[in-house]
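In: coordinates only, sequence not included:
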């Protein structure tokens, strides 16, 4: 079953911040390529959300928080999300090296 994928404000801000960083450090072309690729990863959650693993933060937060990885070799990002029968809620996008999120980081 395909669900609707919704980006929450935190995830939208994360994508913009990461793309700006890549644009400044590497190139605008690389940033655009990264955005296209991660958006494709996020779009696949419409059908694949249930197959993704539980995030380490899930128990502490008391929610069914899942994640999917995007990237390779030191540039891996975790897309953190929840889902219900109709919608995947993408909450945050974080570099894999970043600390775990807490309740305030999920808002």
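Out: Right, received. Where do you want to start? In this text, all values refer to a predicted model and were calculated from it rather than measured experimentally.
In: I figured residue 19 hits residue 35, correct?
Out: Yes. Contact between residue 19 and residue 35 holds when scored by C-beta atoms under 8 Å: they sit 5.2 Å apart. Heads up, the C-betas are built off the backbone N, CA and C, glycines and all.
In: Let me see the ranges of the helices in the chain.
Out: Along the chain, counting by DSSP state H, helices occupy 9-25, 28-48, 58-61, 103-106.
In: now the angle between helix 9-25 and the second one, please.
Out: Orientation of helix 28-48 against helix 9-25 (axes from the mean of the first three to the mean of the last three C-alpha atoms, to 10 degrees) gives an angle of 150 degrees.
In: Could you measure from residue 3 over to residue 22?
Out: According to C-beta to C-beta, to the nearest Å, residue 3 and residue 22 sit 28 Å apart.
In: swap in residue 68?
Out: In terms of C-beta to C-beta, residue 68 sits 19 Å off from residue 22.
In: Name the single longest strand found in this protein.
Out: Secondary structure of the chain read by DSSP state E shows that its longest strand is strand 87-95.
In: Just the buried positions in that one, please.
Out: 88-94 (16 or more other C-beta atoms under 10 Å).
In: can you redo the residues you listed as TSV with distance to residue 58 and pLDDT?
Out: Putting those into TSV (distance: C-beta to C-beta, whole Å; pLDDT from 0 to 100) gives the following:
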residue	distance to residue 58	pLDDT
88	15	98
89	14	98
90	15	98
91	12	96
92	13	95
93	17	96
94	15	93
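In: and of those, the nearest to residue 30?
Out: Of all the buried residues of strand 87-95, residue 30 sits closest to residue 93, with 16.5 Å by C-beta to C-beta.
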